[in-house]
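[1] Have a look at this fold, sequence not included:
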Ligand SMILES: C=C1C[C@]23C[C@@]1(O)CC[C@H]2[C@@]12CCC[C@@](C)(C(=O)O1)[C@H]2[C@@H]3C(=O)O
Ligand SMILES: O=C(O)CCC(=O)C(=O)O
Ligand SMILES: [Fe+2]
């Protein structure tokens, strides 16, 4: 039974922080969504006026079938917090279907999408990013979160035609879960931890079985509509993801950027057939700081509506994670507890965990 939604119940959001703008009816950026230019342009790598040549800086590539995969994953997580995953085994037609269904959902009229609005203490459904209350301006984004079956919401959206959407999203989550487990084991092996040493247990579970069977995940469909003035709007503001790691598919329009110390913002363009995997806060704690969660953001585009699909993978929310190290620098924490801290303190949540 998924308990992730329970983790959000205690942290209700105001409706103004959940309801996205009706982007279809907009022909200029309203003040509520207009960010001071410096917030977006003071960084090294922005849109087309780049100081850096995009081709000269690229993130590491991890080939899941390569013999040295463990080493490349470890290196990428340690120095970048992000890598491009190839040879992952997820069928291209499934990914295409997911993207198609994502575009189909966001193309619905705003009144219909509002029928499946995330509730203030809810985790699933349509809405603005959870990080919205932390920023002075709103983001150029609408999302739809799925945890487990999207049946209830899909029925509301398409009363006579919901099954295919559900089949595609459920199949994708199932395949992503298996892929995520493989990635996790490789990440841990690279820091000398074996599959048997995975040390979290769901408090409701009587067995001491490892993560293979016990995990919780969320599928986040992201929509970044075309924007009349991308120089003053932001798709997703600077953030780190909360779970262990995220496996991301991007539609063929760039927008994602990661922040690298000493360099600045680096664009991570979409490459057909690959996923982008990025480290999250729980992995940061679990690896005792060896794999820091990576800061990233999303820029928007004047002519192309961009979509992305993130699979957020983590331990069960009632389980406790403790750093895998003889000298832990972070205290142990339940996933639920960490998500509440993140909802209250955002970027400071990790430092609050320091011993
Ligand atoms: C498990 C989750 C991670 C996430 C919150 C969520 O319940 C599903 C949506 C995820 C997302 C996607 C956009 C950025 C983000 C910070 C947000 O507001 O919602 C992440 C959340 C997260 O990683 O904390
Ligand atoms: O759209 C993207 O490329 C990234 C989305 C993202 O950061 C997220 O869903 O947390
Ligand atoms: Fe993210």
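    Okay, I see it. None of these values were measured; they are calculated from a predicted model. Ligands and ions are numbered 1, 2, ... in the order given.

[2] Tell me who's in contact with the residue lying closest to residue 175 once chain neighbours are set aside.
    Once flanking residues are discounted, residue 175 sits nearest to residue 90: 5.5 Å by C-beta to C-beta, 6 or more residues apart in numbering. Backbone N, C-alpha and C define where each C-beta goes, glycine included. Shown in contact with residue 90 (C-beta atoms under 8 Å, 6 or more residues apart in numbering): 175-176, 179, 275.

[3] Now name the helix or strand holding residue 242.
    Take DSSP states H and E as the rule and residue 242 turns out to sit in neither a helix nor a strand.

[4] go on, residue 293?
    Using DSSP H and E, residue 293 falls outside every helix and strand.

[5] ok, it - contacts?
    By C-beta under 8 Å, 6+ apart, the residues touching residue 293 are 81, 240-241, 278-281, 283-284, 350.

[6] Could you list which of these belong to helices?
    When DSSP state H defines the helices, the subset of these inside them is 281, 283-284, 350.

[7] Check those against ligand 1 and report the nearest one.
    residue 281 (7.7 Å; C-beta to the nearest ligand atom).

[8] burial count for the closest one?
    Number of residues near residue 281 (other C-beta atoms under 10 Å) recorded here: 24.

[9] Quick check: it touching residue 350?
    Yes. With contacts counted by C-beta atoms under 8 Å, residue 281 reaches residue 350, the gap being 5.8 Å.

[10] what sits in contact with each of these two?
    240, 293.

[11] quick one: average pLDDT of the longest helix along the chain?
    Selection of the longest helix in the chain by residue count, based on DSSP H, yields helix 163-189. Here helix 163-189 scores 97 as its mean pLDDT.

[12] could you point out which element follows that helix?
    The helix or strand immediately downstream of helix 163-189 is strand 216-224, counting by DSSP H and E.

[13] right, quick check: that next one against ligand 2, any contact?
    Yes. Judged by C-beta under 6 Å from any ligand atom, strand 216-224 comes into contact with ligand 2 at 220, 222.

[14] Please identify the residues of this structure in proximity to ligand 2?
    Counting by C-beta under 6 Å from any ligand atom, the chain sits next to ligand 2 at 220, 222, 236, 241, 248, 250, 255-256, 296, 298, 308, 310.

[15] Now with 8 Å, please.
    Residues of the chain found near ligand 2 (C-beta under 8 Å from any ligand atom) are 129, 143, 220, 222, 224, 235-236, 239, 241, 246, 248, 250, 255-256, 268, 276, 278, 296-298, 306-308, 310, 312.

[16] What residue in the stretch 251-355 of the chain comes nearest to ligand 1?
    For the stretch 251-355 of the chain, C-beta to the nearest ligand atom, closest residue to ligand 1: residue 312, 4.0 Å.

[17] wait, doesn't that residue sit right on residue 218?
    Yes. Here residue 312 lies in contact with residue 218, judged by C-beta under 8 Å, at a distance of 4.6 Å.

[18] any common contacting residues for the two?
    In contact with both residue 312 and residue 218: residue 243, using C-beta under 8 Å, 6+ apart.

[19] Pull up the residues of the stretch 51-200 of the chain that are close to ligand 1.
    Counting by C-beta under 8 Å from any ligand atom, the residues of the stretch 51-200 of the chain near ligand 1 are 123, 129-132, 141, 143, 145, 147.

[20] what bridges to residue 125?
    residue 145 (DSSP bridges).

[21] list the contacts for it?
    116-119, 144-145, 153.

[22] Quick one: the helices in the stretch 201-350 of the chain, in order.
    281-286, 335-345, 349-352 (DSSP state H, counting those that start in this stretch).

[23] Tell me which of those helices lies nearest to residue 327.
    helix 281-286 (14.2 Å; C-beta to C-beta).

[24] Now the closest one: average pLDDT?
    97.

[25] go on, stretch 267-276?
    On average, stretch 267-276 scores 96.

[26] buried set for it?
    267-270, 274-276 (16 or more other C-beta atoms under 10 Å).

[27] hmm, back to that, ok, now how distant is the residue nearest to residue 175 from ligand 1?
    20 Å (C-beta to the nearest ligand atom, to the nearest Å).

[28] Could you list the low-pLDDT ranges of the protein?
    1-2, 38-56, 201-213 (pLDDT under 70).
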